[in-house]
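Enquirer: sequence unknown, structure follows:
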Ligand code: HEM
């Protein structure tokens, strides 16, 4: 143990001796040194460090959201930590370009030494997916095996425990469900919103029907497209329709949480809703950037190994492309834009409701 006032050195504090002696190219050990393997190792280690930092931030946000009451200051802190994750993700996506300075032929100099190791076995990446809320049922099957069977017994236990704990998706859903915005004395959000939407749709229909510049055929086709739009809106007016979509796995967020998120989006100009809105936007950014990383990684893999199978035993590019398409956690928050209406059509909030919102957020925890 260090003495209390022992001077700290740069190398000692950062444990550089350990960090910088942790790159051991396997090609060198096998006597056929491949120059680019150092880059390959350093890039992977850098990613693992960024994963560590992201998990550190995410864990602290999850901790805040486990509380029954979340103070406005804490939402501010959560938003800034999520913003930090977002900046790291941007770097993670950019970093792929450094790896692409290695050509496919250079990679082939040492790739055969790597089997059966693969990024697929990154424990921290799996932890990140689970903590965000990717459920086991939604995972793309990998060589017909459950993903966790590739980990040590101890790691499997930890991953399965993580799956049982509430994820960011669950906690955010609970928080949204608890928000008291939807029905306050003298104000029923769904009712006023529905009236505004129906008026907007009727106006749109009328504009098309009475447009002298549109030929009849064009009018018909536009009216049909509008019907499809109206059908989307019907699914937000009715809890039963929403729940049916949940049953078909086309939606996931509960009805009440969806309405609360919609309310926050529509009335985000209310000062009291700025932070909740920034929180939801940050969550959408994180989900989008993770998907972007997945696509970027998949494209890099296609460029590096073409259609070959991965060293971890998956189909390679096509497996990765599938996960990019379907491993999104907060798709429902993206889809909210379907239900937004222009500010000019938005019903004004009665003044007492604005006061009520202010009261809710500024009251102390006790
Ligand atoms: C030459 C560079 C790379 C190639 C050719 C490559 C290839 C692959 C392949 C083929 C897979 C699918 C699993 C398998 O069968 O192995 C995979 C998965 C994965 N790789 Fe890479 N990879 C490369 C670099 C990286 C880097 C730098 C990272 C950063 C940590 C990374 C992280 C991952 C992760 C997390 C997965 C699991 C993805 C999922 O299951 O959705 N890979 N990689």
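Expert: Happy to help now that I have it. Since the model is a prediction, treat every value here as computed from it, not as a measurement.
Enquirer: from the middle of its chain, how far away would the strand or helix carrying residue 303 be?
Expert: Using DSSP states H and E, residue 303 maps to helix 274-305. The chain centre lies 7 Å from the centre of helix 274-305; the measure is C-alpha atoms, centre = their mean, to the nearest Å.
Enquirer: next, the buried residues of that helix.
Expert: Using 16 or more other C-beta atoms under 10 Å as the burial criterion, the residues of helix 274-305 that qualify are 275-287, 289-291, 293-294, 296-302, 304-305. Every residue, glycine included, has its C-beta placed from N, CA and C.
Enquirer: count residues in the vicinity of residue 228, would you?
Expert: Residue 228 sits with 8 neighbouring residues when counted by other C-beta atoms under 10 Å.
Enquirer: helices or strands next to the helix or strand hosting it in the packing?
Expert: Using DSSP H and E, residue 228 sits in helix 216-237. When contacts are defined as 3 or more C-beta pairs under 8 Å, 6 or more residues apart in numbering; DSSP states H and E, helix 216-237 packs onto helix 189-209, helix 239-247, helix 255-266.
Enquirer: about what we covered before: same question for the helix holding residue 303, mean pLDDT?
Expert: Averaging pLDDT along helix 274-305 gives 97.
Enquirer: quick one, the following helix or strand past it and helix 274-305 angle?
Expert: Sequence order places helix 317-326 as the next helix or strand after helix 274-305, per DSSP H and E. Using axes from the mean of the first three to the mean of the last three C-alpha atoms, to 10 degrees, one finds that helix 317-326 and helix 274-305 are set 170 degrees apart in direction.
Enquirer: list the buried ones in helix 317-326?
Expert: Buried residues in helix 317-326, counted by 16+ other C-beta under 10 Å: 317, 319, 320, 321, 322, 323, 324.
Enquirer: need the residues you listed in JSON lines with pLDDT and distance to residue 146, can you?
Expert: As requested, the buried residues of helix 317-326 are exported to JSON lines (pLDDT from 0 to 100; distance: C-beta to C-beta, whole Å):
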{"residue": "317", "pLDDT": "95", "distance to residue 146": "22"}
{"residue": "319", "pLDDT": "94", "distance to residue 146": "15"}
{"residue": "320", "pLDDT": "96", "distance to residue 146": "18"}
{"residue": "321", "pLDDT": "95", "distance to residue 146": "21"}
{"residue": "322", "pLDDT": "94", "distance to residue 146": "16"}
{"residue": "323", "pLDDT": "95", "distance to residue 146": "15"}
{"residue": "324", "pLDDT": "95", "distance to residue 146": "20"}
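Enquirer: closest to the ligand among those residues?
Expert: residue 323 (3.8 Å; C-beta to the nearest ligand atom).
Enquirer: may I have the residues that are in contact with the closest one?
Expert: If a contact means C-beta atoms under 8 Å, 6 or more residues apart in numbering, then residue 323 has 140, 294 as its contacts.
Enquirer: rerun that using 10 Å as the cut-off
Expert: Residue 323 makes contact with 129, 134, 139, 140, 142, 291, 294, 295, 297, 298, 314, according to C-beta atoms under 10 Å, 6 or more residues apart in numbering.
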